[in-house]
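Visitor: next comes the sequence, and after it the predicted model I'd like to discuss.
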Amino acid sequence: MDKRFCARDLFDAVYGLRTYLVGYDDALVQAALALLTRNHMFLVGPTGQGKSTFLTLVSELFDGAVIFRPQLSAFTIPDHLIGPPIPSVYRREGKQLYYTDGGLVDAQLALLEEWPDAGVALARALNTILLERRFVTKDQVYNCRLMTAFMTGNHIPRGEQWEAVKARQMFLFQAPRLKTVAGRFAAMEAADHRKADKNPHAGIPWTDVEALCKEVEQVRVSSGVMLVLSWCLNRFEERCSAKAVPAHLLNTRSQNNLVPVLRAIALIKDCREAQYEHLFSLKHVMPGGESEEFAEARRIWEEVVEVAVPHQKHLQNTRAYDQLGALLDQVMRLRCARPRPSEIIFDLPYTAVKLFGETGFNEWIANCKGLTTLSDLVDEVRRAGIEAFRERGRQWSHESGL
């Protein structure tokens, strides 16, 4: 019986394509994460920088995948991607049904070249397919098999109308330009090597990729890790705003998608639970490429995570993070509970704190390495405590007959 590919095997196979691509190391990491999390990726750069070669090499890795690869233009309409409507049904019954076989709805892997050239109207028409994996007409809803779409373009589309479209693309990479003699030599050698040699990484069954996506969903992310991730995102956005760096991940949907990416990183590292150290690897979700703004965003992310999760093990305070995360999770659950409890007991180290009346709570938070400004957590605990006091006060008033 053949051994099934694991997440590390998939990552090694995708990352191994750097033999044929010069300067695409970060893009290949992004591609592996996109495949494992069923997200989408956009490659941008001038003509001749290897974007189409990237798509070809990635698609050649898999056996049994249904691939859809159109080249979009200003004349592309939804029917070219979805499939033509069925005229006989429309004439006879007035229903808008489509032939979807062989189109984007039927594909498992989509390679959409020159994505921005299609125009914002077509791109927005396909948003439901990219996000919800559904194609909706007035008469029928088609479920899509699409897992991941890789898109290319010569430029990043600008304008408010494009923001919703770009939010569907979790990963962004700017194709490298060859600027040195060594870079040009390596590119020519890689192209010659590709023509003369068969890709040794090919042959991954697509069924294994689908199974790995389900495994990613089973990886546990503790409330402590999620709390540190939330803090890092908040501090990251503050730092980017202060330095006038466009902060990627400002979109709420993109931030929520970081949790599946964190699960994929853990699975690649052969862990069934996300660790605090894995937060460093989320730098690959930042836009990749040689742009100074992109590089600055990645550097800021690493600095922010270093504050909360220092590389020196003796400085890490992950046990306190676990307790803080569990506390915040408890507060959130109690806020949504019906009926509201009349008394709340929080389990903190060495003591049980009833409500928020123990004055040492804020000081305990302040002593946690890195997460020194957990005002949101304090506010949540205070709000839960006040609500509980009010509930108990009403109960006392009722019992005393006042």
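Guide: It's in. Residues are numbered from 1 along each chain as shown.
Visitor: quick one: L130 from P70, how far?
Guide: Distance, L130 to P70, by Cβ to Cβ, to the nearest Å: 14 Å. For the C-beta atoms, the positions are set from N, CA and C on the backbone; glycine is no exception.
Visitor: ok, these two, which is more surrounded?
Guide: Using other Cβ atoms under 10 Å, the more surrounded residue of L130 and P70 is L130, with 22 against 16.
Visitor: contact partners for that one?
Guide: Counting by Cβ atoms under 8 Å, 6 or more residues apart in numbering, L130 makes contact with 40, 146, 149, 168.
Visitor: distance-wise, check it relative to M147.
Guide: L130 is 11 Å from M147, where distance means Cβ to Cβ.
Visitor: how about A326?
Guide: Using Cβ to Cβ, A326 is found at 34 Å from M147.
Visitor: A244 now?
Guide: Between A244 and M147 the distance is 37 Å, computed by Cβ to Cβ.
Visitor: A326 and M147: who's more crowded?
Guide: Neighbours per residue, other Cβ under 10 Å: of A326 and M147, the larger number sits with M147, 22 against 17.
Visitor: pLDDT added to the contacts of L130, as CSV?
Guide: Output for those, formatted as CSV (pLDDT from 0 to 100):
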residue, pLDDT
H40, 93
L146, 92
A149, 94
R168, 81
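Visitor: for the residues you listed, which one is nearest K138?
Guide: Closest approach between the contacts of L130 and K138, by Cβ to Cβ: L146, at 21.7 Å.
Visitor: can you give me phi and psi for the closest one?
Guide: L146 has phi and psi values of phi -60, psi 130 when expressed as degrees, to the nearest 10.
Visitor: coming back round to it: quick check: the two most widely separated of the contacts of L130?
Guide: Within those, two members stand farthest from each other by Cβ to Cβ: L146 and R168, at 11.5 Å.
Visitor: can you pull out the helices in the stretch 201-350 of the chain?
Guide: Per DSSP state H, counting those that start in this stretch, the stretch 201-350 of the chain carries helices over the ranges 206-218, 223-242, 252-256, 258-268, 292-308, 318-336.
Visitor: contacts for the fifth one?
Guide: It stands for helix 292-308. So helix 292-308 is contacted by 174, 228, 231-232, 235-236, 239-240, 243, 245-248, 276, 279-280, 282-283, 286-288, 321, 369-371 (Cβ under 8 Å, 6+ apart).
Visitor: can you list the buried residues in that helix?
Guide: By 16 or more other Cβ atoms under 10 Å, the buried positions in helix 292-308 come out as 294, 296-298, 300-301, 304-305, 308.
Visitor: now the residues you listed as TSV including distance to G203?
Guide: TSV is the format used below for the buried residues of helix 292-308 (distance: Cβ to Cβ, whole Å):
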residue	distance to G203
F294	33
E296	39
A297	36
R298	33
I300	40
W301	35
V304	40
V305	36
A308	41
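Visitor: in JSON lines: those, plus distance to R4 and pLDDT.
Guide: As requested, these are exported to JSON lines (distance: Cβ to Cβ, whole Å; pLDDT from 0 to 100):
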{"residue": "F294", "distance to R4": "36", "pLDDT": "89"}
{"residue": "E296", "distance to R4": "41", "pLDDT": "91"}
{"residue": "A297", "distance to R4": "36", "pLDDT": "90"}
{"residue": "R298", "distance to R4": "33", "pLDDT": "92"}
{"residue": "I300", "distance to R4": "39", "pLDDT": "93"}
{"residue": "W301", "distance to R4": "33", "pLDDT": "93"}
{"residue": "V304", "distance to R4": "37", "pLDDT": "91"}
{"residue": "V305", "distance to R4": "33", "pLDDT": "92"}
{"residue": "A308", "distance to R4": "36", "pLDDT": "85"}
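Visitor: related to what we said a few turns ago, what's the most buried one of the helices of the stretch 201-350 of the chain?
Guide: Among these, ranked by average contacts under mean count of other Cβ atoms under 10 Å, first place goes to helix 258-268 (a mean of 24).
Visitor: output the contacting helices and strands for it.
Guide: Under the contact criterion of 3 or more Cβ pairs under 8 Å, 6 or more residues apart in numbering; DSSP states H and E, helix 258-268 touches helix 7-15, helix 25-37, helix 206-218, helix 223-242.
Visitor: how distant is that helix from the center of its chain?
Guide: Using Cα atoms, centre = their mean, to the nearest Å, the mean C-alpha position of helix 258-268 is found 9 Å from that of the whole chain.
Visitor: hey, where'd the strands end up in the stretch 101-250 of the chain?
Guide: 109-112, 134-136, 141-143, 148-153, 171-174, 204-205 (DSSP state E, counting those that start in this stretch).
Visitor: so what touches the fourth one?
Guide: Contacting residues not belonging to strand 148-153 are listed as 31, 34-35, 38-44, 51-52, 54-55, 58, 109-117, 130, 169 [Cβ under 8 Å, 6+ apart].
Visitor: and the gap between G83 and I77?
Guide: Counting by Cβ to Cβ, the gap from G83 to I77 is 12 Å.
Visitor: tell me which of the two has more neighbours.
Guide: Remark: of G83 and I77, G83 carries more neighbours, 20 against 11, as counted by other Cβ under 10 Å.
Visitor: for K138, see how far away the more buried one is.
Guide: Distance, G83 to K138, by Cβ to Cβ: 16 Å.
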